[in-house]
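Trainee: Whatever this is, show me its structure:
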Amino acid sequence: MTPELSALAAAVLLQIATLGLMALFANLELGPRVTLSPRDGAPPAVSRRLGRMIRCTTNGFEGLVLFAPAVLILAVSGQSGSLTQFAAWAYVGARALYVPAYLYGLVPWRSAIWGIGLLATLVLLVAAFV
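Mentor: Now for the predicted structure:
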């Protein structure tokens, strides 16, 4: 397995952990009566902390939608190199820092960390053309 594919696996595991943390917060705040329901009505009001965790989790999925194809393109084309390896792991590192930065509302660091993850993804995609 290439280092980029290892980074992709780590990014998916990190996203699963983020999802689990969000589910834990939701269950503690809203209770299983709400979280296990079909949620056919209006969504319940949530705390600032749970709202941030929900948005952070959603953002993680959005990031993976861009990162995963970039890594897979490089893997299929055999274009692994030191720059792409660094970029892939930089993405994972940025995502790991993004979760607490979002949860604690660290301005402007949350946005800067998100930008590092996006830049890392762009480096992977540009490297596919070189």
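Trainee: Show me where this protein has its strands.
Mentor: Defined through DSSP state E, the strands belonging to the chain form an empty list.
Trainee: Select the longest helix from it.
Mentor: Across the chain, the longest stretch assigned as helix under DSSP state H is helix 48-77.
Trainee: Can you give the distance from the helix or strand of the chain with the lowest mean pLDDT to the centre of its chain?
Mentor: Using mean pLDDT, DSSP states H and E, helix 32-35 stands out as the lowest-scoring helix or strand of the chain, at a mean of 91. On the basis of CA atoms, centre = their mean, to the nearest Å, helix 32-35 sits 25 Å off its chain's mean C-alpha point.
Trainee: and what of stretch 87-106?
Mentor: Put simply, stretch 87-106 sits 8 Å off its chain's centre (CA atoms, centre = their mean).
Trainee: Just the CA atoms of that stretch, as CSV, please.
Mentor: Output for stretch 87-106, consisting of C-alpha atoms alone and laid out as CSV, is shown next (Å, rounded to 0.1, in the frame of the first residue of the first chain):
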residue,chain,number,x,y,z
ALA,A,87,0.6,16.3,1.2
ALA,A,88,-1.5,13.2,2.0
TRP,A,89,-0.3,13.1,5.6
ALA,A,90,-0.6,16.9,5.9
TYR,A,91,-4.3,16.5,5.0
VAL,A,92,-4.7,13.9,7.8
GLY,A,93,-2.9,16.1,10.3
ALA,A,94,-5.0,19.1,9.3
ARG,A,95,-8.2,17.1,9.8
ALA,A,96,-7.0,15.9,13.2
LEU,A,97,-6.4,19.5,14.3
TYR,A,98,-9.6,20.7,12.7
VAL,A,99,-11.9,18.7,15.0
PRO,A,100,-10.8,20.4,18.3
ALA,A,101,-10.3,23.7,16.5
TYR,A,102,-13.9,23.6,15.4
LEU,A,103,-15.3,22.2,18.6
TYR,A,104,-13.6,25.0,20.7
GLY,A,105,-14.3,27.8,18.1
LEU,A,106,-10.7,28.7,17.6
